[in-house]
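Visitor: 3D model of this:
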Amino acid sequence: MTHSLRLVLGDQLSDGLSALADLDPARDLVLMAEVRDEATYVRHHKQKIALVFAAMRKFAARLEGRGVRVRYVRIDDAGNAGSIAGELTRAVEALRPVRVVMTECGEWRLAETLKAWAGDAGVPVEVREDRRFICSHDRFRRWAADKKQLRMEFFYREMRRKTGLLMDGDEPVGGRWNFDAENRKKLPKGMTPPGRKRFPPNAVTQEAMADVARLFADHFGTLDAFDWPTTAEEAEVALAHFLRDCLPGFGDWQDAMKHGAPWMWHSLTSTSINLGLLDPLEVCRRAEAEFTAGRAPLNAVEGFIRQILGWREFVRGVYWLKVPEYRARNFLDADRTLPWFYWSGETNMACVADVVARTRDHAYAHHIERLMVTGNLAMLLGVHPDEVDDWYMVVFADAYEWVEMPNTRGMATFADGGIVGSKPYAASGAYVDRMSDWCGGCRYDVKAKSGKRACPFNRLYWGFLERNRKRLRDNVRLAMPYRTLDGWSAERRREVVEEAEACRRMLGAVPKA
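Guide: Below is the predicted model:
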């Protein structure tokens, strides 16, 4: 007889998962299932699906190696119910457990489905807190309760105090909380990013890739360059390599972009952390140890820790505080379709073509490429946030709704009206030119402000601000550009709106039907 049926989801591949905390191998059984619903609720990148399937299969083998019984359902197994709820029903009917134990879901969508399932399950269901996150839902709600505005910087400071990371008593090490101003250097000509430790697929991963190629052939992306870590041991090797060879330069060059160089100095740990192969707090402590030992500068270590301890925990807190209402926000009333080149890469914009190519080939782009290239362009074009959400969820291997939606609907498109970010991150081509080497070889002219040969970012920027004047004019962080607009004649302001509209249509951002 099975006492406890313990569910482990595809992004819960951690030895210390709360659902496994008191597991008795003699009486309990773990359920893991690859199901079509989770692979297709958005049409995930082939590499994302292959990564999750391969990591799940290896984690199941890891459990079995410890003597744990595992009921593992593969994507093409006969009788596969196609959903997590369906597989729970099949397992309960077959095994008649005394109870079902699970760790809370990362996504509201699945949490609601399993909540409804539990109400009809006919067996007690225990849902445990996901303690792999540093800030619990309850702690975030208490922090947010008396705030007129939710700002990551102040949340981050509280997390620093809570964990003691980079703290000297009650004060931050180095006398400052944030070294972001020192982390925006343009990459000098001739500087080459460090080589990266990657992981060629073994037999288990190759089998998962073959299943994905066969069953999800029409999904976005390629599998040819797949080499993500799929076990805790591989993730540890990748982390050690980053700490040793990349972290020292991460601070200076974390915002820089370079043609043909997708990785730069970035850690590439987000896939492993989000799957559960690495513990986020331990990753932060390991980075802090590099600073303490004098092997990495403070601006690099603080910047890296802020991405995890600050930003990752903050967007998760916002997501669960605001869903489901957050999913419908469209503050700027954006109503355009996403241009086809976001999928094909067929555009004369060198920056966008390169970023789309690396998402297709690697299911990856770093945070500035996501925010200031693809995100900035989508916002300037007025693309509907639903289409932006869908694109980001599809193309990246580390994408889960709890982390992606606050970044796209909050930071990238300002669709949430300022919950996550204090202003729209709108920029002309000058920003991309300053932080990358794309513009020199682009067919568009980044110096031209208007005309068909002008960089589309330039043609769109002022029109975006004028088009959204009523919504954005009172934002204090946009006071300077609006003072510039206010100095123009009504005719000139009308002309920039008309040119922006022509550019939107030229790029394929037309009103949604």
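Visitor: name the helices or strands packed onto the one helix or strand residue 113 maps to?
Guide: Taking DSSP states H and E as the criterion, residue 113 maps to helix 108-119. For helix 108-119, the contact count by 3 or more C-beta pairs under 8 Å, 6 or more residues apart in numbering; DSSP states H and E identifies helix 84-95, strand 125-128, helix 401-405 as packing neighbours. (C-beta placed from N, C-alpha, C; glycine too.)
Visitor: Any stretches of the stretch 1-150 of the chain with poor pLDDT?
Guide: Low-confidence regions of the stretch 1-150 of the chain, defined by pLDDT under 70, span residues 1.
Visitor: Next, the contact list for residue 469, please.
Guide: Residues in contact with residue 469, defined by C-beta atoms under 8 Å, 6 or more residues apart in numbering, are 482, 485.
Visitor: quick one: it and residue 249, what's the gap?
Guide: As defined by C-beta to C-beta, to the nearest Å, residue 469 lies at a distance of 41 Å from residue 249.
Visitor: repeat for residue 379
Guide: For residue 379, the distance to residue 249 (C-beta to C-beta) stands at 30 Å.
Visitor: Mind checking which of those two has more residues around it?
Guide: residue 379 (27 against 19; other C-beta atoms under 10 Å).
Visitor: so what does the helix or strand containing the more buried one touch, helix or strand wise?
Guide: Here residue 379, judged by DSSP H and E, is contained in helix 376-381. Under the contact definition 3+ C-beta pairs under 8 Å, 6+ apart, helix 376-381 sits against helix 456-467, helix 490-507.
Visitor: Can you name the next helix or strand after the shortest one?
Guide: Same thing as helix 456-467. Following helix 456-467 toward the C-terminus (DSSP H and E): helix 469-472.
Visitor: State the mean pLDDT of that following helix.
Guide: Helix 469-472 shows an average pLDDT of 96 in the prediction.
Visitor: In it, which residues are buried?
Guide: Of the residues in helix 469-472, those buried under the neighbour-count criterion (16 or more other C-beta atoms under 10 Å) are residue 472.
Visitor: if we can go back for a sec, can I get the helices and strands packed on helix 108-119 in JSON lines including mean neighbour count and distance to residue 474?
Guide: Putting the helices and strands packed on helix 108-119 into JSON lines (neighbours: other C-beta atoms under 10 Å; distance: least, C-beta to C-beta, whole Å) gives the following:
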{"stretch": "helix 84-95", "mean neighbour count": "18", "distance to residue 474": "45"}
{"stretch": "strand 125-128", "mean neighbour count": "16", "distance to residue 474": "43"}
{"stretch": "helix 401-405", "mean neighbour count": "24", "distance to residue 474": "26"}
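Visitor: okay if I get those as a markdown table plus distance to residue 111?
Guide: Supplementary listing: these in a markdown table, determined by distance: least, C-beta to C-beta, whole Å:
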| stretch | distance to residue 111 |
| --- | --- |
| helix 84-95 | 11 |
| strand 125-128 | 9 |
| helix 401-405 | 10 |
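Visitor: Just confirm residue 58 contacts residue 231, I think it does.
Guide: Yes - here residue 58 reaches residue 231: they are 5.1 Å apart, a contact under C-beta atoms under 8 Å.
Visitor: follow-up on the earlier one: return the most buried member of the helices and strands packed on helix 376-381.
Guide: helix 456-467 (a mean of 24; mean count of other C-beta atoms under 10 Å).
Visitor: Does anything pack onto it? Which helices or strands?
Guide: helix 376-381, helix 429-435, helix 479-486, helix 490-507.
Visitor: what does that helix rub up against?
Guide: The contact list for helix 456-467, computed with C-beta under 8 Å, 6+ apart, reads 349, 376-377, 379-382, 426-432, 444, 446, 448-451, 472, 478, 481-482, 485, 493, 496-504, 507.
Visitor: which helix is the longest one in this protein?
Guide: The single longest helix within the chain, with elements called by DSSP state H, is helix 46-65.
Visitor: what comes up buried for that one?
Guide: For helix 46-65, burial by neighbour count (16+ other C-beta under 10 Å) applies to 46-60, 62-63.
Visitor: which parts of stretch 64-80 are buried?
Guide: Within stretch 64-80, the residues scored as buried using 16+ other C-beta under 10 Å are 68, 70-75, 80.
Visitor: Tell me the one of these nearest residue 338?
Guide: Proximity of those to residue 338, judged by C-beta to C-beta, is greatest for residue 75, which lies at 28.3 Å.
Visitor: which SS state does the closest one fall under?
Guide: In terms of secondary structure, residue 75 is coil; the call rests on DSSP: H, G, I helix; E, B strand; the rest coil.
Visitor: That one contacts residue 34, doesn't it?
Guide: Yes - the pair formed by residue 75 and residue 34 meets the contact definition of C-beta under 8 Å, at 4.1 Å.
Visitor: what touches both of the two?
Guide: residue 53.
Visitor: distance of residue 3 from residue 155?
Guide: The span separating residue 3 from residue 155 equals 40 Å under the rule C-beta to C-beta.
Visitor: could the buried residues of stretch 64-80 go into a markdown table alongside distance to residue 236?
Guide: Output for the buried residues of stretch 64-80, formatted as a markdown table (distance: C-beta to C-beta, whole Å):
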| residue | distance to residue 236 |
| --- | --- |
| 68 | 21 |
| 70 | 23 |
| 71 | 28 |
| 72 | 24 |
| 73 | 28 |
| 74 | 27 |
| 75 | 28 |
| 80 | 32 |
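Visitor: which one of these is nearest residue 344?
Guide: Within the set of these, residue 75 lies nearest residue 344; the separation is 27.5 Å, counting by C-beta to C-beta.
Visitor: show me where the stretch 251-400 of the chain has helices.
Guide: For the stretch 251-400 of the chain, applying DSSP state H, counting those that start in this stretch gives helices covering 270-275, 280-292, 298-305, 313-322, 341-344, 350-362, 367-368, 376-381, 385-395.
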